[in-house]
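Undergrad: coords below, sequence missing:
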């Protein structure tokens, strides 16, 4: 095994001090001189025609600097996927959900801005409201978007192999339905931004985002600015989980307000606005028909999915594909048919959330596989092992598993949880369940069709050689990419962790598609590794010329130059360095030539020493329609065992134990990986047991608070036994791939399977509240 | 966006001053203790008092004083203190149990026992155990003082018998007599930061170590506009030997003593079923406590 100095260790996060002490600055902590505060006017109706908007009273209010509507902001359409640009900054003809944006105000303080918003008068003509996607599909109902008369935003029809023929060969076929509820990302930091358009025509947008690059492109397009005039930068971000992976209304509105007023404009969502803006997990209705052989081999899967899209497309085009494609693995499955439909409704738009599009399909299927195993008299864990893909296998929808430690994951959780001793042997009210999952390690294609690099990186040495500045547009949103990329840069160059300073999340620092689809460790990592190696090579080449020593006879380790053969005399170099830096506190000392001195020599020869790196995946995946969604250079995978106790008299589920194994390819920082595993499991627990956005019959969210929209607290999470599996991914930097999203995949079904083991009840509707489970148990008793 | 409306803030240094200012403000003044409820409601625009009068500086409102036959708890005592005092944990454990599931540590460090009573939320955690222990509240106004049973004090959601000139100063709880046991059980979706789906508080007293039930209070919460007595359950318990069969009967009656609604936290039918389950569990726990098991 190769030895590493920096990577594959448990170094503390680069921002650990700032986060632990509360010093970390998030967007809403920031302000600028002369800054204005913005506020939005949003629709109180779920579906209505706008007859008139009167902003005159608002404009007259002292302290108000600007009021804008669609008239001022224009009607350029934008969205996530260029195939479905269906949003404008403000509503023009009609509003489509409660919260749809109509106008924005900039004023000298927030109180004034809010008061001005209340003075805007809008006359509406109410339209029929469509809250149920199945209603929305019916003939003759009103169209939410004129371009989509039957309210079908997108549909997908795919077939790999021949499912109907394959079913004929099957010994056992069953069909099950499954439904979840609309989720909220429930990140701790609500969206916030400050836009400032300066006198030279440069717009700087500081914003709480996962994707500075996509926001930059959208803002430039909607505002009609050259891309180069738009800089998007993020400070600390308090979580994203998907909903912050595209441009939002306040980013656009504050930019327009700043351009018009010439002053910085800050806008921040309230928690209620976070719920209204939404863009989190859809509600999915899956119907799955699976056919198997007597020996448990999977033969065919037919998957029909309907999705409640909400009022706009957001990420939904990708979501509707993912809802099918992500069942192609981790099992060998020769035949798969998918029909997916995403409908517009008069609700907040749904988008992407951790495990994009695949989480509910996975929950439905992994529970069905458990039923099938029982029907066949097989151990569900052994049935999974029997069908598991191996390294090098390709799915029926052309995903190549270039590394795949799934067998190891399953074996690890089987042995780590005591599965064999417990399965089938626990008393009533106690249960154990297993499930598997996998996920992409970065979308193989950008969201817009392009030959662009997915990540670039630049490493610049300071003139004294002591500091290595890493520039990347990758976004650390709390998950720790700054730490991972710093470690990678230090490892690639051969310097110490503390010598590297990371500057990230800024479009001025390069191109990076951002923190979504679990892509940065692999993709940004490749670019950073390359940039680090470039720096290392440049410094060694200069030394080579100076000392007349071949490059291959030198190395850099822990900030020191290693001369593999004879060490040259560098006393002149050292005394020169010390003279030049007389009075400085950190003269180079010791018997070895330091990287600092070497970098100084390189500076003398080259001026600026800059290492460059860039990455894009090569040709990947299939050629069929929609092949881009789900295709990735690598796939992470995971397996989990969950143990629960069910209070048989109340229905309340307590998670007692979770054993989770995840194949991340290679662990750059095991602590960070365990953090992602724990976080994924916690999100899965919430989605399985508590989380549901509820609406009244007018389309209003009735629980837009973290009091009534329940994410798990520390008291709801058991200790998790996290097991890291390394499979050395050939397409990843040092063999690394994803952990951020794949780890959520097995959580919900493992819980559902454990609940069945405890109660004998199959729950096919989320969340499993105590009331739902109690009611199902009572129904079972009556049978 | 919710911003706090403008208001005056008055920090009274003694009870006399607080009563005087409150009287002068007519009904435009409001008392603030922990502020965990009133600040939220002011932000939402549900309340807009001209002046908030703080109890923070008034001496003697944040302690526990012995009385003849019990204790008087200062209304400004923060909830987390109910978990710290040995006296409460040992002799009035029903109260500390309820305090332990109120909100979160952050909320418990600000919210007060008085606030939890005066705001009169149907699912408030402290009134049920206090009612089960037969607590009384002491109300002061300029030159006057009166005492009311907590049962009578609470009227409905957000409504009590307090007058706009009165301040709740203390809660009087009698020491549980010998052969007394109780429990508070709160059914929650998650394990913290919760408003009860259903909660039940029970206190029973036997007339001897193996005697009959001399006194029984069964309080149901979150199933009516305010915490209520399960009247028919109490009636059936009193005078009987505590048996499993009796507890089952009482629990079944309790579920007919309430008329819950279906809301965002749970359905009416489920709530009724849970009243039965929790009442049975609380009665059994109370008996175990008496028997020292």
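TA: In hand now; what should we look at? As the structure is a computational prediction, the values presented were derived from the model and not from experiment. Numbers count the residues shown, from 1 in each chain, chains lettered A, B, ... in the order given.
Undergrad: the helices in chain B, which residues?
TA: Applying DSSP state H to chain B gives helices spanning B:15-24, B:38-43, B:81-84, B:86-91, B:93-100, B:105-108, B:113-118, B:127-132, B:150-153, B:231-237, B:244-256, B:268-290.
Undergrad: and the stretch 601-750 of chain A, which residues reach chain B?
TA: By C-beta under 8 Å from any C-beta of the partner chain, the residues of the stretch 601-750 of chain A that approach chain B are A:649-650, A:652, A:689-690, A:694, A:702-703, A:707-708, A:710, A:712-716. In short, each C-beta sits where N, CA and C put it, glycine included.
Undergrad: Only whichever of those are buried, select them in PyMOL.
TA: In PyMOL, a selection of the buried entries from these looks like this (16 or more other C-beta atoms under 10 Å in any protein chain shown):
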select buried, chain A and resi 649+650+652+689+690+703+708+710+712+716
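Undergrad: Greatest separation within the residues of the stretch 601-750 of chain A next to chain B: which pair is it?
TA: Greatest spatial distance among these (C-beta to C-beta): A:649 and A:702, at 28.7 Å.
Undergrad: quick one on the thing from earlier: which one of the helices of chain B lies nearest to residue B:222?
TA: Minimum separation from residue B:222 across these (C-beta to C-beta) falls at helix B:268-290, 7.3 Å.
Undergrad: Okay, now the unreliable bits of chain A?
TA: By pLDDT under 70, the weakly predicted segments of chain A are A:1-2.
Undergrad: tell me the domain ranges of it?
TA: In the assignment given by automatic domain parsing, the structural domains of chain A cover A:16-23+A:453-615, A:31-127+A:188-239+A:244-277, A:352-445+A:631-782.
Undergrad: Likewise for chain B?
TA: Using automatic domain parsing, the domain parsing of chain B gives B:8-54, B:64-174, B:180-290.
Undergrad: just to revisit the earlier point, most neighbours per residue, which of the helices of chain B?
TA: helix B:127-132 (a mean of 29; mean count of other C-beta atoms under 10 Å in any protein chain shown).
Undergrad: Now do it: which elements does it pack against?
TA: Counting contacts by 3 or more C-beta pairs under 8 Å, 6 or more residues apart in numbering or on different chains; DSSP states H and E, helix B:127-132 is packed against helix B:93-100, helix B:113-118, helix B:150-153, strand B:180-187, strand B:198-206, strand B:213-221.
Undergrad: Which one, of the ones you listed, ends up nearest to chain A?
TA: strand B:180-187 (6.0 Å; C-beta to the nearest C-beta).
Undergrad: Identify whichever of the helices and strands packed on helix B:127-132 lies nearest to residue A:449.
TA: Residue A:449 lies closest, by C-beta to C-beta, to one member of the helices and strands packed on helix B:127-132: strand B:180-187, at 52.9 Å.
Undergrad: quick check: mean pLDDT across that closest one?
TA: Across strand B:180-187, pLDDT averages out at 98.
Undergrad: check whether that strand contacts chain A.
TA: Yes: on the criterion C-beta under 8 Å from any C-beta, strand B:180-187 is in touch with chain A at residue B:187.
Undergrad: Within its sheet, name the partner strands of that strand and how each one runs.
TA: strand B:198-206 (antiparallel) (DSSP bridges).
Undergrad: Next one: residue A:761 from residue A:685, what distance?
TA: In this view, residue A:761 and residue A:685 are 19 Å apart by C-beta to C-beta, to the nearest Å.
Undergrad: Likewise for residue B:223?
TA: Taken as C-beta to C-beta, the span from residue B:223 to residue A:685 is 28 Å.
Undergrad: what does residue A:525 give?
TA: 29 Å.
Undergrad: and these two? which has more neighbours close in?
TA: residue A:525 (32 against 26; other C-beta atoms under 10 Å in any protein chain shown).
Undergrad: Please name the nearest non-neighbouring residue to the more buried one.
TA: Leaving aside its sequence neighbours, residue A:525 sits nearest to residue A:733 (C-beta to C-beta, 6 or more residues apart in numbering or on different chains; 4.0 Å).
Undergrad: and the residue of the stretch 201-350 of chain A found nearest chain B, how many neighbours does it have?
TA: Residue of the stretch 201-350 of chain A nearest chain B, by C-beta to the nearest C-beta: residue A:270 (5.0 Å). Neighbour count for residue A:270, taken as other C-beta under 10 Å: 15.
Undergrad: now swap in the one 10 residues further on and tell me
TA: Applying other C-beta under 10 Å, we find 28 other residues in the vicinity of residue A:280.
Undergrad: again, but for residue B:143
TA: Other residues within reach of residue B:143, judged by other C-beta under 10 Å, total 9.
Undergrad: how about it, what does it touch?
TA: When contacts are counted by C-beta atoms under 8 Å, 6 or more residues apart in numbering or on different chains, residue B:143 is found next to residue B:19.
Undergrad: distance of it from residue A:176?
TA: Using C-beta to C-beta, we find residue B:143 at a distance of 72 Å from residue A:176.
Undergrad: next one: residue B:110
TA: Computed with C-beta to C-beta, the distance linking residue B:110 and residue A:176 is 48 Å.
Undergrad: ok, now residue A:424?
TA: 22 Å.
Undergrad: the more surrounded of those two?
TA: residue A:176 (17 against 9).
Undergrad: Might you report the residue contacts of that one?
TA: Going by C-beta under 8 Å, 6+ apart, residue A:176 touches A:287-288, A:364, A:367-368, A:371, A:764.
Undergrad: Go through those residues and flag which are in strands.
TA: A:287-288 (DSSP state E).
Undergrad: which of the contacts of residue A:176 are close to chain B?
TA: Among these, not one lies near chain B by C-beta under 8 Å from any C-beta.
Undergrad: Now tabulate the contacts of residue A:176 in CSV and tack on neighbour count.
TA: Output for the contacts of residue A:176, formatted as CSV (neighbours: other C-beta atoms under 10 Å in any protein chain shown):
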residue, neighbour count
A:287, 16
A:288, 21
A:364, 28
A:367, 26
A:368, 23
A:371, 16
A:764, 16
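Undergrad: and the two most separated of the contacts of residue A:176?
TA: Maximum distance among the contacts of residue A:176 (C-beta to C-beta): 14.4 Å, for A:287 and A:371.
Undergrad: Around chain A, pick out the residues from the stretch 151-293 of chain B.
TA: B:187, B:189-193, B:195, B:197, B:264-267, B:270, B:273-274, B:277-278, B:281.
Undergrad: Who are the contact partners of residue 48?
TA: Picked chain A for this. Neighbour list for residue A:48: A:94-95, A:124-127 [criterion: C-beta under 8 Å, 6+ apart].
Undergrad: Chain B is the one I meant
TA: B:5, B:7, B:42.
Undergrad: right, and the secondary structure at residue A:408 would be what?
TA: Here residue A:408 is recorded as helix under DSSP: H, G, I helix; E, B strand; the rest coil.
Undergrad: Which strand residues bridge the nearest residue to it once chain neighbours are set aside?
TA: Excluding its sequence neighbours, the residue lying closest to residue A:408 (C-beta to C-beta, 6+ apart) is residue A:725, at 4.8 Å. The partner list for residue A:725 in beta bridges (DSSP bridges) reads residue A:663.
Undergrad: how near is residue A:725 to residue A:743?
TA: Distance, residue A:725 to residue A:743, by C-beta to C-beta: 12 Å.
Undergrad: Look up how far residue A:661 lies from residue A:422.
TA: 17 Å.
Undergrad: And these two? Which one has more around it.
TA: residue A:661 (30 against 16).
Undergrad: Would you agree the more buried one falls within a helix?
TA: No: under three-state DSSP, residue A:661 sits outside any helix and is assigned strand.
Undergrad: Pretty sure it sits against residue A:725.
TA: Yes: at 5.5 Å, residue A:661 and residue A:725 qualify as touching, with contact defined as C-beta atoms under 8 Å.
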